[in-house]
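K.L.:
Show me how the following folds:
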Amino acid sequence: GAADGLTGGARGDGADGLTSAPWDLTALAKPSASQRRTSLLRFTCETCGALNFHMVNPRAFASGTIFARCSSCGITHTVVDHLNLVWTGEEEEEDAKAPPAGAGDAE
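P.N.:
I've put the predicted structure just below:
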(Lines give C-alpha, C1' and ligand atoms only; values in the text may rest on other atoms or scores of the structure.)
Protein backbone atom coordinates (compact mmCIF):
# COMPACT_ATOMS: atom_id res chain seq x y z
CA GLY A 1 0.00 0.00 0.00
CA ALA A 2 1.13 3.44 -0.78
CA ALA A 3 1.45 5.92 2.01
CA ASP A 4 -1.23 8.57 1.92
CA GLY A 5 0.56 10.75 4.39
CA LEU A 6 3.00 11.13 7.22
CA THR A 7 2.76 13.89 9.75
CA GLY A 8 5.24 14.75 12.46
CA GLY A 9 3.76 15.70 15.78
CA ALA A 10 0.71 13.57 14.96
CA ARG A 11 -1.72 16.40 14.32
CA GLY A 12 -3.00 16.83 10.80
CA ASP A 13 -1.79 20.01 9.19
CA GLY A 14 -3.20 19.36 5.72
CA ALA A 15 0.21 19.22 4.02
CA ASP A 16 0.14 15.43 3.74
CA GLY A 17 -3.52 14.78 3.10
CA LEU A 18 -4.61 14.79 6.72
CA THR A 19 -6.95 17.60 7.57
CA SER A 20 -6.56 19.76 10.63
CA ALA A 21 -8.69 18.54 13.48
CA PRO A 22 -9.24 19.64 17.06
CA TRP A 23 -8.53 16.11 18.29
CA ASP A 24 -5.27 14.20 18.52
CA LEU A 25 -4.96 11.92 15.47
CA THR A 26 -2.67 9.54 17.35
CA ALA A 27 -5.83 8.18 18.99
CA LEU A 28 -6.56 6.55 15.62
CA ALA A 29 -3.32 4.55 15.70
CA LYS A 30 -2.46 1.66 17.99
CA PRO A 31 -0.22 2.77 20.85
CA SER A 32 3.46 2.11 20.32
CA ALA A 33 5.96 0.99 22.92
CA SER A 34 8.75 2.66 20.96
CA GLN A 35 9.57 6.28 21.75
CA ARG A 36 11.02 6.62 18.24
CA ARG A 37 7.63 6.26 16.57
CA THR A 38 6.61 9.89 16.71
CA SER A 39 4.91 10.40 13.35
CA LEU A 40 1.51 9.26 12.22
CA LEU A 41 1.31 7.29 8.97
CA ARG A 42 -1.96 7.13 7.09
CA PHE A 43 -2.38 4.63 4.26
CA THR A 44 -5.18 3.02 2.33
CA CYS A 45 -5.14 -0.76 1.91
CA GLU A 46 -4.92 -1.61 -1.79
CA THR A 47 -6.80 -4.87 -1.18
CA CYS A 48 -9.84 -3.91 0.89
CA GLY A 49 -9.75 -0.09 0.70
CA ALA A 50 -9.63 0.41 4.49
CA LEU A 51 -8.01 3.56 5.84
CA ASN A 52 -5.25 2.73 8.35
CA PHE A 53 -3.27 4.77 10.87
CA HIS A 54 0.04 3.66 12.40
CA MET A 55 2.72 5.41 14.44
CA VAL A 56 6.11 5.18 12.67
CA ASN A 57 9.67 6.31 13.08
CA PRO A 58 10.13 9.35 10.77
CA ARG A 59 13.77 8.38 10.10
CA ALA A 60 12.68 4.92 8.92
CA PHE A 61 10.04 6.53 6.70
CA ALA A 62 12.62 8.86 5.14
CA SER A 63 15.46 6.40 4.61
CA GLY A 64 14.49 2.91 5.78
CA THR A 65 11.85 0.27 5.20
CA ILE A 66 8.38 0.22 6.74
CA PHE A 67 5.85 -2.59 6.65
CA ALA A 68 2.31 -2.00 7.92
CA ARG A 69 -0.53 -4.43 8.49
CA CYS A 70 -4.05 -3.50 7.46
CA SER A 71 -6.29 -3.34 10.51
CA SER A 72 -9.24 -4.57 8.44
CA CYS A 73 -8.05 -7.51 6.30
CA GLY A 74 -4.70 -8.25 8.02
CA ILE A 75 -2.55 -8.09 4.87
CA THR A 76 0.96 -6.74 5.41
CA HIS A 77 1.93 -3.96 3.00
CA THR A 78 5.33 -2.54 2.13
CA VAL A 79 4.82 1.18 2.68
CA VAL A 80 8.35 2.36 1.87
CA ASP A 81 11.47 0.38 0.96
CA HIS A 82 14.50 2.66 0.64
CA LEU A 83 16.78 -0.24 1.62
CA ASN A 84 15.58 -2.49 -1.24
CA LEU A 85 14.74 -5.33 1.14
CA VAL A 86 11.70 -6.43 -0.85
CA TRP A 87 12.31 -8.31 -4.07
CA THR A 88 9.61 -7.61 -6.65
CA GLY A 89 10.97 -9.52 -9.63
CA GLU A 90 11.07 -6.36 -11.75
CA GLU A 91 14.83 -6.71 -12.18
CA GLU A 92 14.40 -10.10 -13.88
CA GLU A 93 11.74 -8.69 -16.22
CA GLU A 94 14.09 -5.86 -17.24
CA ASP A 95 16.97 -8.33 -17.78
CA ALA A 96 14.74 -10.51 -19.97
CA LYS A 97 13.89 -7.51 -22.21
CA ALA A 98 17.52 -6.49 -22.62
CA PRO A 99 19.44 -8.04 -25.55
CA PRO A 100 22.03 -10.65 -24.60
CA ALA A 101 25.57 -9.40 -24.02
CA GLY A 102 27.43 -9.11 -27.30
CA ALA A 103 24.25 -9.21 -29.40
CA GLY A 104 24.43 -6.75 -32.25
CA ASP A 105 28.20 -6.25 -31.96
CA ALA A 106 29.97 -6.10 -35.30
CA GLU A 107 32.64 -8.71 -35.74
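K.L.:
Please report how far Arg69 lies from Glu90.
P.N.:
24 Å (Cβ to Cβ, to the nearest Å). The way it works is simple: take the backbone N, C-alpha and C, and place the C-beta from them, glycine included.
K.L.:
Have a look at the two and say which one is more surrounded.
P.N.:
Neighbours per residue (other Cβ atoms under 10 Å) separate Arg69 from Glu90, with Arg69 holding more: 14 against 8.
K.L.:
Test my guess that that one contacts Val79.
P.N.:
No. Judged on Cβ atoms under 8 Å, Arg69 makes no contact with Val79 at a distance of 10.5 Å.
K.L.:
Please enumerate the strands of this structure.
P.N.:
For the chain, the strands defined by DSSP state E cover 3-8, 39-44, 51-56, 65-69, 76-81.
K.L.:
Burial-wise, tell me which of these comes out on top.
P.N.:
Per residue and on average, the most neighbours among the strands of the chain fall to strand 39-44, with a mean of 21 (mean count of other Cβ atoms under 10 Å).
K.L.:
ok, Ala68 touching Phe43?
P.N.:
Yes. Here Ala68 reaches Phe43: they are 6.3 Å apart, a contact under Cβ under 8 Å.
K.L.:
Spit out the residues that contact those two alike.
P.N.:
The contact sets of Ala68 and Phe43 overlap at 1, 52, 54, 77, 79 (Cβ atoms under 8 Å, 6 or more residues apart in numbering).
K.L.:
Show me what stretch 63-72 is in contact with.
P.N.:
1, 41, 43, 45, 47-48, 50, 52, 54, 56-57, 60, 75-83, 85-86.
K.L.:
ok, and the helix or strand in this structure with the lowest average confidence?
P.N.:
Within the chain, no helix or strand scores below strand 3-8, which has a mean of 53 by mean pLDDT, DSSP states H and E.
K.L.:
Show me where this protein dips below the pLDDT cut-off.
P.N.:
Applying pLDDT under 70 to the chain flags the ranges 1-28, 91-96, 98-107.
K.L.:
what are the ranges of the helices in it?
P.N.:
Ranges of helices in the chain, per DSSP state H, are 58-63, 90-97.
K.L.:
Val56 reaches Ser34, doesn't it?
P.N.:
No. Using Cβ under 8 Å, Val56 is not in contact with Ser34, being 9.4 Å away.
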